[in-house]
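A.B. asks: Sequence unavailable; structure follows:
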Ligand SMILES: Cc1ncc(COP(=O)(O)O)c(C=O)c1O
């Protein structure tokens, strides 16, 4: 059976044209900074995000963790949303690899306010950790692909400046936010000292994330990348996929957002499901199935039998993510399967 795979936007396979670009890429040793394709990708992304420099790394997790390590010293505290990716899904790496503590705050669908951040900053005291860094996530994955309002980010920046904190953006899906709002990536990146961006999510590359920041920050991040085992060699074959994705797969993210909305609107009609389609801002649909009384694992299994893959997403919830490899027909198949399970 051919599945409609809505588990994540990471499941996409490189297209034939992307594979061709990869096969033809010029390469060199990137630890020596001699890979021309990696260098080009790094220049392009720095320009896209309006920063002085950028760095190619293997994964979104490594991008966040190198950034945290580069901003902090052991014993520091990081102010971060409670359901953000580094808190829930990076295996406590910030504690293990950087020796920092997270001060977690619950946002509304992942979005923090400046007041919440200000309240979380530690007063200088012999007993307290030093507040050093604020991490935000745009779009917010566990919040349901939520877009951060730019005005709120600037208000948080004011708080950060007042207390001398750095700011990092987990922008794994930043370009989804940009396509949905029309706000250029450089505008969204401007309030931050460092920004990560994933090439392997909605953009459809098989591997790779970027970190952007000042030249000085990226030089230190490069050293930390080596320490974390992320120094790569003839990796232009992967950077070529990233360059291809940035050229061909950004504008089309609007299609994924449209598909997510279609799916959400149809599912909102079903009796066993609670969902407000207006909350679906990008390509992630969080489906509250608690009215059905069905266990998410059971729902996952039944949908799978009908050819649709989704993920259980906490108590009473499923997650569906639209992407490059799901077309309109796939969405219709998914809607049909949900109707059979939940009607
Ligand atoms: C918001 C966010 N940040 C970071 C990551 C980590 O990316 P990777 O799986 O490439 O480590 C993910 C992965 O889904 C994510 O959703």
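C.D. replies: Cool, the structure landed. Here the structure is a predicted model, which is why all the values come from computation and not from measurement. Numbering: from 1, shown residues only.
A.B. asks: Spell out the residue ranges of the helices in the chain.
C.D. replies: Secondary structure of the chain (DSSP state H): helices located at 16-23, 36-49, 60-71, 85-88, 93, 114-120, 150-163, 174-181, 185-189, 215-227, 236-248, 253-268, 296-305, 328-342.
A.B. asks: hey, which of those is tucked in deepest?
C.D. replies: helix 60-71 (a mean of 26; mean count of other Cβ atoms under 10 Å). Bear in mind the C-beta positions are built from the backbone N, C-alpha and C, glycine included.
A.B. asks: Which segments of this protein make up each domain?
C.D. replies: 16-248, 252-342 (automatic domain parsing).
A.B. asks: rewinding a little: reformat the helices of the chain into a markdown table and put distance to the ligand next to each item.
C.D. replies: Below are those laid out as a markdown table (distance: least, Cβ to the nearest ligand atom, whole Å):
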| stretch | distance to the ligand |
| --- | --- |
| helix 16-23 | 17 |
| helix 36-49 | 15 |
| helix 60-71 | 2 |
| helix 85-88 | 4 |
| helix 93 | 10 |
| helix 114-120 | 19 |
| helix 150-163 | 16 |
| helix 174-181 | 10 |
| helix 185-189 | 14 |
| helix 215-227 | 14 |
| helix 236-248 | 12 |
| helix 253-268 | 14 |
| helix 296-305 | 18 |
| helix 328-342 | 20 |
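A.B. asks: want to throw those helices into TSV with distance to residue 322?
C.D. replies: Listed next are these as TSV, based on distance: least, Cβ to Cβ, whole Å:
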stretch	distance to residue 322
helix 16-23	19
helix 36-49	23
helix 60-71	18
helix 85-88	19
helix 93	28
helix 114-120	30
helix 150-163	24
helix 174-181	10
helix 185-189	21
helix 215-227	31
helix 236-248	16
helix 253-268	4
helix 296-305	15
helix 328-342	7
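A.B. asks: okay, those helices in JSON lines with mean pLDDT next?
C.D. replies: Converted to JSON lines, these look like this (pLDDT from 0 to 100):
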{"stretch": "helix 16-23", "mean pLDDT": "98"}
{"stretch": "helix 36-49", "mean pLDDT": "98"}
{"stretch": "helix 60-71", "mean pLDDT": "98"}
{"stretch": "helix 85-88", "mean pLDDT": "98"}
{"stretch": "helix 93", "mean pLDDT": "98"}
{"stretch": "helix 114-120", "mean pLDDT": "98"}
{"stretch": "helix 150-163", "mean pLDDT": "98"}
{"stretch": "helix 174-181", "mean pLDDT": "98"}
{"stretch": "helix 185-189", "mean pLDDT": "98"}
{"stretch": "helix 215-227", "mean pLDDT": "98"}
{"stretch": "helix 236-248", "mean pLDDT": "98"}
{"stretch": "helix 253-268", "mean pLDDT": "98"}
{"stretch": "helix 296-305", "mean pLDDT": "98"}
{"stretch": "helix 328-342", "mean pLDDT": "97"}
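A.B. asks: Nearest approach to residue 204 belongs to which of the ones you listed?
C.D. replies: For residue 204, the closest of those is helix 236-248, at 5.5 Å, according to Cβ to Cβ.
A.B. asks: between that closest one and helix 174-181, how many degrees?
C.D. replies: Angle, helix 236-248 to helix 174-181, by axes from the mean of the first three to the mean of the last three Cα atoms, to 10 degrees: 10 degrees.
A.B. asks: neighbours around residue 327, how many?
C.D. replies: 13 (other Cβ atoms under 10 Å).
A.B. asks: how far away is it from residue 234?
C.D. replies: Per Cβ to Cβ, to the nearest Å, residue 327 is found 34 Å from residue 234.
A.B. asks: if you skip the residues just before and after it, what's nearest to the residue sitting nearest the centre point of the chain?
C.D. replies: Central residue of the chain (Cα atoms, centre = their mean): residue 172, 2.6 Å from the mean position. Leaving aside its sequence neighbours, residue 172 sits nearest to residue 198 (Cβ to Cβ, 6 or more residues apart in numbering; 4.1 Å).
A.B. asks: what's the burial count for that neighbour?
C.D. replies: Per other Cβ under 10 Å, the neighbour tally for residue 198 reads 26.
A.B. asks: re the thing from before, where does the residue nearest to the centre of the chain fall, phi/psi-wise?
C.D. replies: Backbone torsions of residue 172, given as degrees, to the nearest 10, read phi -50, psi -40.
A.B. asks: Quick one: work out the angle between whichever strand in the chain runs longest and helix 60-71.
C.D. replies: Secondary structure of the chain per DSSP state E: the longest strand is strand 130-137. Per the same axes, to 10 degrees, the angle that strand 130-137 makes with helix 60-71 is 150 degrees.
A.B. asks: ok, and what's touching strand 130-137?
C.D. replies: 64, 68, 71-73, 75-81, 84-86, 100, 103, 110, 112, 117, 120-122, 124, 143, 148, 153, 156, 159-160, 163, 165-172, 192 (Cβ atoms under 8 Å, 6 or more residues apart in numbering).
A.B. asks: for stretch 335-342, same thing?
C.D. replies: 4, 262-263, 266-267, 270-273, 289, 292, 294, 299, 302-303, 306-308.
A.B. asks: now do stretch 2-15
C.D. replies: With contacts defined as Cβ under 8 Å, 6+ apart, stretch 2-15 is touched by 22, 173, 200-202, 204-206, 241, 256, 283, 304, 307-311, 319-326, 330-331, 333-334, 337.
A.B. asks: Among the residues you listed, name the ones in strands.
C.D. replies: Under the assignment DSSP E, the contacts of stretch 2-15 contribute 308-309, 311, 319-321 to strands.
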